[in-house]
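**Q** model this:
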Amino acid sequence: MARTRPPPAVLHTPGFAHYALSWSPFHTTRLALASSANFGLVGNGRLHIVSVNPGPNGTHHTALDKYYETQDGLFDIAWSEIHENQLVTASGDGSIRLWDVMLNDLPIRAWQEHTREVFSVDWSNIKKDTFASSSWDGLVKLWLPERPRSVLTMQAHHSCVYQALFSPYQPDVLATCSTDGTVRIFDLRVKSFAPHPGGGTNTNFATPLNAASLTIPASNTEVLSIDWNKYRPFVLASAGVDKMAKVWDCRMIKMGEVGQVGGQCETQLLGHEYAIRKIQWSPHRPDLLATASYDMTCRVWTTAPNIGPQLLYIHDPHTEFVVACGWSLYEDGLLASCSWDGRLNVFRP
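**A** Numbering: from 1, shown residues only. Next up, the predicted model:
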């Protein structure tokens, strides 16, 4: 007899379209949602702090613990790797804010250096005092939470940078993706990024650097999302407007040599009907990844070599664009998706 799959746990926040979600690296049942009014086109934003608790028979239930209002829409979110109650948000007005969920009103710090929408933030899980931001202004910036200004600025692309993501293996390696169809990998150990001998950094918000160690021509259209594989060094996945998820092997390229172009595509995953907005590898299995798409579905795939790339599951209760998905860091197989329909779904594919 076939098992009956438990229904997803659903949290609805009317009036706010979700753009991103992030599971806490400290609390097993906590996640955060970054949301915007009017689909992010105009109006304010909201940061939601949510609890996801297990129920009977494999079910889960969600609860909204608290929320924070912001003056502009929120596009991304990242939990701190050093403070269990802190997280950063990326905003449509070009600002970045640091929040403490034990406080009830204002952020504890704010930065305003990007000149256009900040579309991603990522906290390094190796250099735990550092996070990165990327923006439609083409820049990637590195930050330390206690500093009033960014510590490094890179001209990552000459067009909108949708995501910047630290490698889970190398603390000084960062990958980006852009409207120009490329994925670029930066090695911060190269000379141009090194600090001055007298102390301090050699760049600020006015003098960006551009020194990609590897450029991957990933697509003829916009690349909207990337993610590093958690088990295979220098393997990452990309996805975007071409409706395909692709897995790239970059290990044949020697890191640190500026100007390399390459990367070998080892897998292409076809099935989405519209652009893929988010891609994420499982933190528990090397072959499992999830995608979220404008076709209103979240899909789960395997790249296991013994059976070949396959679509395993389609999650389709959402009624608007599905723009983010995220695997639980502590509970194997638990996946969350969020959508412009104002709903967060937590389920087991």
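
**Q** how many neighbours does residue 318 have?
**A** Neighbouring residues of residue 318 were enumerated by other CB atoms under 10 Å; the total is 24. Any C-beta I mention is one placed from the backbone N, CA and C, and that applies to glycine too.

**Q** part of a helix, is it?
**A** No. Assigned with DSSP: H, G, I helix; E, B strand; the rest coil, residue 318 falls outside any helix and is coil.

**Q** could you verify my assumption that it touches residue 297?
**A** Yes. Taking CB atoms under 8 Å as the contact criterion, residue 318 and residue 297 are neighbours in contact, 7.3 Å apart.

**Q** what ranges does the stretch 1-150 of the chain have for its strands?
**A** Secondary structure of the stretch 1-150 of the chain, counting by DSSP state E, counting those that start in this stretch: strands at 9-12, 16-23, 30-37, 45-54, 60-70, 74-79, 86-91, 95-100, 109-112, 118-123, 131-135, 139-143.

**Q** chain center to the third one, what's the gap?
**A** Taking the mean of its C-alpha atoms, strand 30-37 sits 13 Å from the chain's own mean (CA atoms, centre = their mean, to the nearest Å).

**Q** and the angle from it to strand 118-123?
**A** 170 degrees (axes from the mean of the first three to the mean of the last three CA atoms, to 10 degrees).

**Q** repeat that for the longest one.
**A** Per the same axes, to 10 degrees, the angle that strand 60-70 makes with strand 118-123 is 120 degrees.

**Q** now do strand 60-70: which elements does it pack against?
**A** The criterion is 3 or more CB pairs under 8 Å, 6 or more residues apart in numbering; DSSP states H and E, and the helices and strands that strand 60-70 contacts are strand 9-12, strand 45-54, strand 343-347.

**Q** list the contacts of the last one.
**A** Residues lying outside strand 343-347 but in contact with it, judged by CB atoms under 8 Å, 6 or more residues apart in numbering, are 5-13, 18, 21, 33, 50, 52, 60, 62, 298, 315, 317-318, 334-339.

**Q** buried ones only from those, please, as a PyMOL command.
**A** The buried subset of the contacts of strand 343-347, as determined by 16 or more other CB atoms under 10 Å, is captured in PyMOL by this line:
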select buried, resi 8+9+11+13+18+21+33+50+52+60+62+298+315+317+318+334+335+336+337+338+339
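
**Q** am I right that residue 310 is in contact with residue 300?
**A** No. Here residue 310 lies out of contact with residue 300, judged by CB under 8 Å, at a distance of 9.9 Å.

**Q** the bottom helix or strand of the protein by mean pLDDT?
**A** The least trusted helix or strand in the chain, going by mean pLDDT, DSSP states H and E, turns out to be strand 260-261, with a mean of 76.

**Q** for it, the distance to its chain's centre please.
**A** Put simply, strand 260-261 sits 24 Å off its chain's centre (CA atoms, centre = their mean).

**Q** what does stretch 134-148 give?
**A** Taking mean C-alpha positions (CA atoms, centre = their mean), stretch 134-148 and its chain are 15 Å apart.

**Q** quick one: mean pLDDT for it?
**A** Per-residue pLDDT values across stretch 134-148 average out to 96.

**Q** please export the C-alpha coordinates of that stretch as CSV.
**A** Listed in CSV are the C-alpha atoms of stretch 134-148, where the atom choice follows Å, rounded to 0.1, in the frame of the first residue of the first chain:
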residue,chain,number,x,y,z
SER,A,134,25.1,41.8,-4.3
SER,A,135,23.1,44.4,-6.1
TRP,A,136,21.6,45.5,-9.3
ASP,A,137,24.4,48.2,-9.4
GLY,A,138,26.8,45.4,-10.5
LEU,A,139,28.8,45.4,-7.2
VAL,A,140,29.5,42.8,-4.6
LYS,A,141,30.5,44.1,-1.1
LEU,A,142,31.9,42.3,1.9
TRP,A,143,31.0,43.4,5.4
LEU,A,144,31.9,42.9,9.0
PRO,A,145,28.9,43.5,11.3
GLU,A,146,30.7,45.8,13.7
ARG,A,147,32.2,48.0,10.9
PRO,A,148,30.3,51.1,9.7
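
**Q** check residue 189 and give its pLDDT.
**A** Reported pLDDT at residue 189 in the predicted model: 84.

**Q** next, it: secondary structure please.
**A** Local secondary structure at residue 189 is given as coil here, using three-state DSSP.

**Q** these two touch, right, it and residue 167?
**A** No. Contact status for residue 189 versus residue 167: not in contact, 11.9 Å apart, counting by CB under 8 Å.

**Q** between those two, who's got more neighbours?
**A** Ranked by neighbour count (other CB under 10 Å), residue 189 and residue 167 place residue 167 first, with 21 against 14.

**Q** so what's the more buried one up against?
**A** 126, 173, 174, 175, 228, 233, 234.

**Q** same thing but at 7 Å, please
**A** Taking CB atoms under 7 Å, 6 or more residues apart in numbering, we find residue 167 in contact with 173, 175, 228.

**Q** how about residue 336?
**A** Neighbouring residues of residue 336 by CB under 7 Å, 6+ apart: 21, 31, 325, 326, 344, 345, 346.

**Q** go again with 8 Å.
**A** Applying CB under 8 Å, 6+ apart to residue 336 gives the contacts 21, 23, 31, 52, 325, 326, 327, 328, 344, 345, 346, 347.

**Q** again, but for residue 28
**A** For residue 28, the contacting residues are 328, 329, 330, 331, by CB under 8 Å, 6+ apart.
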